[in-house]
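J.: sequence-free structure coming up:
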Ligand code: GAL
């Protein structure tokens, strides 16, 4: 009996031992880890928040009618970083656009990167495409990135599903997701001194006969007394506000000596007023309603934005335009009654919606603050938001804008794709949100902008013409010929790293076409509280925001703040008030930086400045900190002795001999060093 009992005990022990060992082996060998088991909150995406086992709108994931229980519901532009550390053997998923956005025209591409190399891509996917299976071997891969791009047509309604997504592993039960870009905001721009400093552009263009308005932007304690000597006949300066007004009748270049005085001291600066054909001799700077208010814009919000431009002090750094985007017009199909009403009067003149009862007094209000005001329309019958456009009424609209006192027009392609010459039975008024067709035919692409460009030129006002057609047909090659002052080179920006990065990387091709009066426009700024009607702090990390502002300055891009001006926090305000950075953007030579040297993820952008110096952005597009002793100066066009100044910190760093010297660079992930190199003897 005893023997039997002992044998049973022995067998039990052996059995336990075997099953423990099997568990151990199981644990160390293949094991499935589902993507939805990871912390998905580290993902960045263009809209909404990352969803576990649901679509981005929180519904059951459905791709072409097929439902999926597990996965990651996201929205382009989307990026999720996963630390695999060589412990995954493969990744499989079914990817596609979620059916929940039926009726729209999304397009996206799913891309997988391993250790910085592209491992797999779905190709462009559209609504109604069946889920594409993906199966990617991952042996040895340390870092994985799951990306969803906007598919090249903006990220509208790009609801993207990584369905049934899972890893086979070497025996681990989870992976860490991460975002290596620091999130603590930090301030770099030193506060302006108490004594006066005259900021902003040093050249200003106006046409003869147009009402003239230029505010001398000055920081320093108030009150300040302004004066100007050498003003051409027809102009005067208000000594209390620093606003120069009047009318020029003679063409020519006039060099004016500006002075600003307060109790602490005095500042002087030369301003070149060029009276001739060209305006916008430096990139326009200001605010636009779209990225924060979208369809919720109203005259009251516009006035408050203008007030905030003054109260925040931004006006003292050259910020000027207050631009109303879409939704000041009446809408085709909105349920909001404040947007419904007659589109035009009997004579065909446009009637603003009920939120904008008196456009002229709104313009006066903004002008009285020393600012300027802008408006939006489309050459098609409808704007992108379904409000009435200028099609067939271009002349009348240009006249209305001038009569009301507007200074800027953004003219947005939108439904113009329905207005294509030579296409029989094409109803231009047919309802379509964004229509691109036709934009590739050069004549069709140019025509609507030429029409409006000419009517604007006929107005007795200087109206900046901002061409918006997302960069079709190489607009930078012909934008000047239609009187365009700036033109969008991209689809809409969003406050995500992938959006800013992709736009930035795409700017070199148009760079040679920038010049005074003609600017490439990589779209508006996404700093501060943004949200297209759904307000939230920009999802860009602080370093990404420094990079964004540095690059847009180097690009000589129009600088249009897209945030809620009443919610400016210290970080955002600091970011937008660095006069040395702004001076790079406003440099009168009007050149656009391009990338002259690439080292891995480090791209070095160089912009020639009027005084012979160079603004150089050392831009880190990668996820690792860049620590480098840089010495390839001839690659970025430097030769000799230079004084190096850090523009964000407004501090001289060192003098460097480019033949023998090395520059120590330490650049955070997704961050920048913006330096100015000035030749010294
Ligand atoms: C888009 C344009 C945006 C905004 C919007 C208004 O086409 O790119 O910047 O203006 O239309 O509906």
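T.: Thanks, I have the structure now. The structure presented is a predicted model; accordingly, all values stated were derived computationally and were not measured.
J.: got a list of what the one residue in the stretch 1-150 of the chain that gets nearest to the ligand touches?
T.: Across the stretch 1-150 of the chain, the shortest distance to the ligand (C-beta to the nearest ligand atom) belongs to residue 150, at 12.5 Å. Glycine gets a C-beta too; all of them are placed from N, C-alpha and C. Counting by C-beta atoms under 8 Å, 6 or more residues apart in numbering, residue 150 touches 46, 76, 77, 107, 108, 158, 491, 499, 502.
J.: what about 10 Å?
T.: For residue 150, the contact set (C-beta atoms under 10 Å, 6 or more residues apart in numbering) comprises 46, 75-78, 106-109, 156, 158, 491-492, 494, 496, 498-499, 502.
J.: now it: how far from residue 174?
T.: Per C-beta to C-beta, to the nearest Å, residue 150 is found 30 Å from residue 174.
J.: dihedrals phi and psi, the closest residue to residue 540 other than its chain neighbours?
T.: Computed as C-beta to C-beta, 6 or more residues apart in numbering, the closest residue to residue 540 that is not its neighbour in sequence is residue 495, at 5.6 Å. Dihedral pair for residue 495: phi -90, psi 50, per degrees, to the nearest 10.
J.: cool, and residue 662?
T.: Backbone geometry at residue 662, expressed as degrees, to the nearest 10, gives phi -130, psi 140.
J.: tally of neighbours for it?
T.: For residue 662, the count of nearby residues is 13 (other C-beta atoms under 10 Å).
J.: got the contact list for it?
T.: By C-beta under 10 Å, 6+ apart, the residues touching residue 662 are 628, 629, 630, 631, 633, 656.
J.: recalculate using a threshold of 7 Å.
T.: Taking C-beta atoms under 7 Å, 6 or more residues apart in numbering, we find residue 662 in contact with 629, 630, 631.
J.: quick one: which of the residues you listed is nearest residue 450?
T.: Of all those, residue 630 has the smallest distance to residue 450: 46.1 Å, by C-beta to C-beta.
J.: near the ligand, which residues of the stretch 151-300 of the chain are found?
T.: Proximity of the stretch 151-300 of the chain to the ligand, by C-beta under 6 Å from any ligand atom, involves residues residue 290.
J.: would you map the helices across the stretch 301-450 of the chain?
T.: In the stretch 301-450 of the chain, the segments counted as helices under DSSP state H, counting those that start in this stretch are 359-368, 394-404, 442-457.
J.: contacts for the first one next, please.
T.: Counting by C-beta under 7 Å, 6+ apart, helix 359-368 makes contact with 213, 299, 302-303, 306, 322, 352, 356, 372-373, 404-406, all of which sit outside it.
J.: and the angle from it to helix 394-404?
T.: Interaxial angle, helix 359-368 versus helix 394-404 (axes from the mean of the first three to the mean of the last three C-alpha atoms, to 10 degrees): 50 degrees.
J.: quick one: mean pLDDT over helix 359-368.
T.: Regarding helix 359-368, the rounded mean pLDDT is 98.
J.: give me the below-cutoff pLDDT ranges for the protein.
T.: Applying pLDDT under 70 to the chain picks out residues 1-29, 420-426, 430-441.
J.: circling back to that earlier point, got CSV for the helices of the stretch 301-450 of the chain, with distance to residue 141 and mean neighbour count too?
T.: Putting these into CSV (distance: least, C-beta to C-beta, whole Å; neighbours: other C-beta atoms under 10 Å) gives the following:
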stretch, distance to residue 141, mean neighbour count
helix 359-368, 55, 18
helix 394-404, 56, 20
helix 442-457, 43, 19
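J.: so which of those is nearest residue 484?
T.: Of all these, helix 442-457 sits nearest to residue 484, with 6.4 Å by C-beta to C-beta.
J.: what pairs with the next helix-or-strand element following that closest one, parallel or antiparallel?
T.: If you walk from helix 442-457 toward the C-terminus, the next helix or strand you reach (DSSP states H and E) is strand 464-468. Sheet partners assigned to strand 464-468 using DSSP bridges are listed as strand 408-412 (parallel), strand 486-488 (parallel).
J.: okay, the angle between strand 464-468 and helix 442-457?
T.: Going by the same axes, to 10 degrees, strand 464-468 makes 160 degrees with helix 442-457.
J.: ok, then the element right after strand 464-468?
T.: helix 475-478.
J.: name the residues that touch that next one?
T.: Residues beyond helix 475-478 that count as contacts (C-beta under 7 Å, 6+ apart) turn out to be 446, 467, 469, 487, 489, 510, 513, 520.
J.: what do you get if the cut-off is 8 Å, keeping everything else the same?
T.: Residues outside helix 475-478 that contact it (C-beta under 8 Å, 6+ apart): 442, 445-446, 467, 469, 484, 487-489, 510, 513-514, 520.
J.: would you mind listing what in the stretch 301-450 of the chain touches the ligand?
T.: Residues of the stretch 301-450 of the chain lying near the ligand by C-beta under 6 Å from any ligand atom: 325, 326, 383, 384, 385, 412, 414.
J.: please repeat the previous calculation with a cut-off of 8 Å.
T.: Residues of the stretch 301-450 of the chain that fall close to the ligand, judged by C-beta under 8 Å from any ligand atom: 325-327, 376, 383-385, 387, 410, 412-414, 434.
J.: so which of those residues are in strands?
T.: 376, 410, 412 (DSSP state E).
J.: roughly how far apart are the first one and residue 287?
T.: With the distance defined as C-beta to C-beta, residue 376 ends up 13 Å from residue 287.
J.: now for those two: what residues contact both?
T.: With C-beta under 8 Å, 6+ apart as the test, residue 376 and residue 287 both reach residue 323.
J.: in the stretch 151-300 of the chain, which spans are helices?
T.: If DSSP H, counting those that start in this stretch is used as the criterion, the helices of the stretch 151-300 of the chain fall at 290-293, 299-311.
J.: what's the most buried one of the ones you listed?
T.: Mean neighbours per residue, mean count of other C-beta atoms under 10 Å, is largest over the helices of the stretch 151-300 of the chain for helix 290-293, with a mean of 26.
J.: and it, how far from the chain's centre?
T.: Offset of helix 290-293 from its chain centre (C-alpha atoms, centre = their mean, to the nearest Å): 12 Å.
J.: could I get the phi/psi values of the residue of the stretch 51-200 of the chain found nearest the ligand?
T.: Proximity of the stretch 51-200 of the chain to the ligand (C-beta to the nearest ligand atom) peaks at residue 154, 7.3 Å away. Main-chain torsions, residue 154, degrees, to the nearest 10: phi 80, psi 160.
J.: what is the neighbour count of the closest residue to it other than its chain neighbours?
T.: Take residue 154 and drop its neighbours on the chain: the residue closest to it by C-beta to C-beta, 6+ apart is residue 491, 3.7 Å away. As a burial measure, residue 491 scores 20 neighbours (other C-beta under 10 Å).
J.: surely residue 491 touches residue 153?
T.: Yes: using C-beta atoms under 8 Å, residue 491 is in contact with residue 153, at 6.5 Å.
J.: can you give me the distance of the closest residue to residue 483 other than its chain neighbours to the ligand?
T.: Leaving aside its sequence neighbours, residue 483 sits nearest to residue 453 (C-beta to C-beta, 6+ apart; 3.4 Å). With the distance defined as C-beta to the nearest ligand atom, to the nearest Å, residue 453 ends up 18 Å from the ligand.
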